[in-house]
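S.K.: Output the structure for:
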Amino acid sequence: MIKERFNINYWSSWKKDLKANENKIYFALFLLIIATLISSLAGNYTSEIQGQYSADLILDHIHPVNLSFLFVWVYIAINVVFFAYPLFFRPQKLHVAIIMFGLLIFVRSISICLTHLVTPVTAIHVDFPWLFGNLRFQNDLFFSGHTSIPFLGFLTFKNKKMKSFMLIATITMAATVLLMHQHYSIDVFAAFFITYGIYKIGEKIFHEKLPA
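M.R.: As a prediction, the model looks like this:
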């Protein structure tokens, strides 16, 4: 009976929080859609450019390793968790997480257009399934989305378990893209600094952090 009452109270409070922030969430989703469209245009552009290969101190000393499961499915799972956590546990801050994500996508779209690098020739080929395949582009290297998205989650969420999960995910994805030669090392290392800057900009916009 107590558990049932807790569930009823939880879902009632959850719906109330969503309703109270309904307009903010719709606005955040609108901005995310715009950022995604810009990202798609930028990705199409980078896929067609005649860029340059680059020597890389780290990649030159490691053989490519096929970690496609981590690169595709774990990465997708990380993106799902990024939205699912605030949706179900912090609905009053869902719009903040969505806009943070959209801001990251927007900044990365500009960045990949300004850096005409070509995917390392030794990179292991991998395809994304379903709709995700339409968001997969060539030569969209600087900076690494696989690294920056979980790191943004680490910075944004204050819950200790979520921070630990996102930190482990960040390290795992950074190692994965390097071992698969999908990114140059500068794409990975720069992702930490740029993502931190994006987080601080988002923090200035909202003047608040996500609660624990």
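
S.K.: So in the protein, where's the weakest helix or strand by average pLDDT?
M.R.: helix 2-20 (a mean of 76; mean pLDDT, DSSP states H and E).

S.K.: Quick check, Tyr199 in contact with Thr156.
M.R.: Yes: with contact defined as Cβ atoms under 8 Å, Tyr199 counts as touching Thr156 (6.6 Å). No exception for glycine: its C-beta is placed from N, CA and C like everyone else's.

S.K.: which residues do these two both contact?
M.R.: Met100 (Cβ atoms under 8 Å, 6 or more residues apart in numbering).

S.K.: in which helix or strand would I find Leu31?
M.R.: helix 22-48 (DSSP states H and E).

S.K.: What residues of that helix count as buried?
M.R.: Within helix 22-48, the residues scored as buried using 16 or more other Cβ atoms under 10 Å are 24-25, 28, 31-32, 35-36, 38-39, 42-43, 45-46.

S.K.: what's downstream of that helix, the next helix or strand?
M.R.: helix 68-69.

S.K.: Can you list the neighbours in contact with that following helix?
M.R.: So helix 68-69 is contacted by Ile124, Val126, Met180 (Cβ under 8 Å, 6+ apart).

S.K.: The least confident helix or strand of the chain - contacts with which helices or strands?
M.R.: The contact analysis (3 or more Cβ pairs under 8 Å, 6 or more residues apart in numbering; DSSP states H and E) places helix 2-20 against no helix or strand.

S.K.: picking that back up, and of the contacts of helix 68-69, the nearest to Leu152?
M.R.: Met180 (21.3 Å; Cβ to Cβ).

S.K.: Pull the number of nearby residues for that closest one.
M.R.: 22 (other Cβ atoms under 10 Å).

S.K.: got a list of what the closest residue to it other than its chain neighbours touches?
M.R.: The spatial neighbour of Met180 that comes closest, neighbours along the chain excluded (Cβ to Cβ, 6 or more residues apart in numbering), is Ile124 at 4.8 Å. Applying Cβ under 8 Å, 6+ apart, we find Ile124 in contact with Pro64, Val65, Asn66, Ser68, Met180, His181, Gln182.

S.K.: Might you list the low-confidence residue ranges for this structure?
M.R.: 1-6, 207-212 (pLDDT under 70).

S.K.: From Tyr199, how far out is the one residue sitting closest to the centre of it?
M.R.: By Cα atoms, centre = their mean, the chain has its centre lying nearest to Ile149, at 2.5 Å. Ile149 is 12 Å from Tyr199, where distance means Cβ to Cβ, to the nearest Å.

S.K.: No further queries at this time; thank you.
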